[in-house]
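Engineer: sequence first, predicted model second:
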Amino acid sequence: MRILRDRPQLVAMHREWARKGRGTIALVPTMGHLHEGHMTLIRHARARAQRVVVSIFVNPMQFDRLEDLERYPRTLEEDSRLLTEAGVDAVFCPSEEDMYPSDGRPPVRVVVPGLSEILEGAFRPGHYDGVATVVTKLFNLVRPDIALFGEKDFQQFKLIERMVQGLDIPVRVEAIPTVREKDGLACSSRNDQLPEEARVIAPELKRVLDEVATVCRGATVFDAERIPEVEGRACDRLREIGFDPEYLSIRRAEDLAEPEHGVALADQDLVVLAAAWLAEVRLIDNVRTRPAS
Ligand code: PAF
């Protein structure tokens, strides 16, 4: 496996691949500290393309809190070992200076209006501008045919899908279902930061989301007042368990807009999304009310 630490190394690899026959390229963008969720994306990538590139870059532009950026685990040596075992062709791990050269000018940003401002975007201002910007840069640099993302950050996937469509970026983006620990906790690079007692409680987030999804599946008559009531009760339940929820929201899976008025929730394709703090770790998760089509 090649370890590409800067743009010139990436350009050299492209030149070599062009000489040998480029083949299809799949990109799995990550911030490292790889877990089973990432490895699943990589296996899907392997099955879809001749060449698999994984990027590892802890993107400062998408962090809204400095202490979160500083605390984010960086484990390149262990990650490289896992990627070699998984048969990845190249890992692109540029420096901050390489991605955002300090030329005295503010960096160019990519903004996806609407989707970047709601839910996660409302609680983490600027976060999705950082994501959209770095993913655009990675697409331009790696030039993949396919890029894979986890559904755990469902809003992120929807935002990238919209960005690709809106900017005519020639890449197919695919979402892969969330990978979970045996007890239901969504795999995340942040799970290691949970103290032992909090780790025991953490899977309850998924259970509460499942309960809300069950209510939606059973709601055969549309009743607008029920939505905030169900969301509110679920947040209370999370507080009782020990979480500090930022939001829990029932949205349309297609575009994350509020459920359609007048149509029973049971007849809509919905997703229940939540973000909640637990022992100073911010967890996000979501559950679809219907199997993804
Ligand atoms: O989901 C992530 O790990 C990051 O947001 C991504 C897509 C790699 C962009 O930095």
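Structural biologist: Arrived safely.
Engineer: list the contacts of the nearest residue to residue 69 once chain neighbours are set aside.
Structural biologist: Excluding its sequence neighbours, the residue lying closest to residue 69 (C-beta to C-beta, 6 or more residues apart in numbering) is residue 63, at 3.9 Å. Just so you know, the C-beta spots here come from the backbone N, C-alpha and C atoms, and that holds for glycine as well. Neighbour list for residue 63: 69, 72, 127, 130 [criterion: C-beta atoms under 8 Å, 6 or more residues apart in numbering].
Engineer: if I look at the spatially closest residue to the last one that is not a sequence neighbour, how far off is the ligand?
Structural biologist: Nearest non-adjacent residue to residue 130, counting by C-beta to C-beta, 6+ apart: residue 62, 3.0 Å away. Distance check for residue 62 against the ligand: by C-beta to the nearest ligand atom, to the nearest Å, it reads 6 Å.
Engineer: show me the shaky parts of the protein.
Structural biologist: 291-293 (pLDDT under 70).
Engineer: which positions in it make contact with the ligand?
Structural biologist: The chain comes close to the ligand at residues 29-31, 59, 62, 131, 134-135, 153, 156, as judged by C-beta under 6 Å from any ligand atom.
Engineer: hmm, back to that, could you report the neighbour count for the residue nearest to residue 130?
Structural biologist: Residue 62 sits with 21 neighbouring residues when counted by other C-beta atoms under 10 Å.
Engineer: show me what contacts it?
Structural biologist: 126-131, 134.
Engineer: check residue 131 too.
Structural biologist: Applying C-beta under 8 Å, 6+ apart, we find residue 131 in contact with 59, 62, 156, 159-160.
Engineer: quick one: which of those has the most company?
Structural biologist: Highest neighbour count within the contacts of residue 131: residue 160, with 26 neighbours (other C-beta under 10 Å).
Engineer: SS state for it?
Structural biologist: Reducing the assignment at residue 160 to three states with DSSP: H, G, I helix; E, B strand; the rest coil gives helix.
Engineer: that one: what's it in contact with?
Structural biologist: Taking C-beta under 8 Å, 6+ apart, we find residue 160 in contact with 131-132, 135, 147, 149, 173.
Engineer: run the last query once more with 6 Å
Structural biologist: Residue 160 makes contacts with 135, 173, as judged by C-beta atoms under 6 Å, 6 or more residues apart in numbering.
Engineer: gap between it and residue 19?
Structural biologist: Between residue 160 and residue 19 the distance is 31 Å, computed by C-beta to C-beta, to the nearest Å.
Engineer: likewise residue 212?
Structural biologist: 54 Å.
Engineer: break down this protein into its strands, ranges please.
Structural biologist: 2-4, 25-30, 51-56, 90-92, 146-150, 172-176, 244-252, 270-278, 281-288 (DSSP state E).
Engineer: just send the ones you listed back as a markdown table, with mean neighbour count too.
Structural biologist: Listed next are the strands of the chain as a markdown table, based on neighbours: other C-beta atoms under 10 Å:
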| stretch | mean neighbour count |
| --- | --- |
| strand 2-4 | 17 |
| strand 25-30 | 26 |
| strand 51-56 | 26 |
| strand 90-92 | 23 |
| strand 146-150 | 23 |
| strand 172-176 | 17 |
| strand 244-252 | 19 |
| strand 270-278 | 23 |
| strand 281-288 | 22 |
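Engineer: that older thread, show me the residues of the chain next to the ligand that map onto helices.
Structural biologist: Residues of the residues of the chain next to the ligand located in helices (DSSP state H): 131, 134-135, 156.
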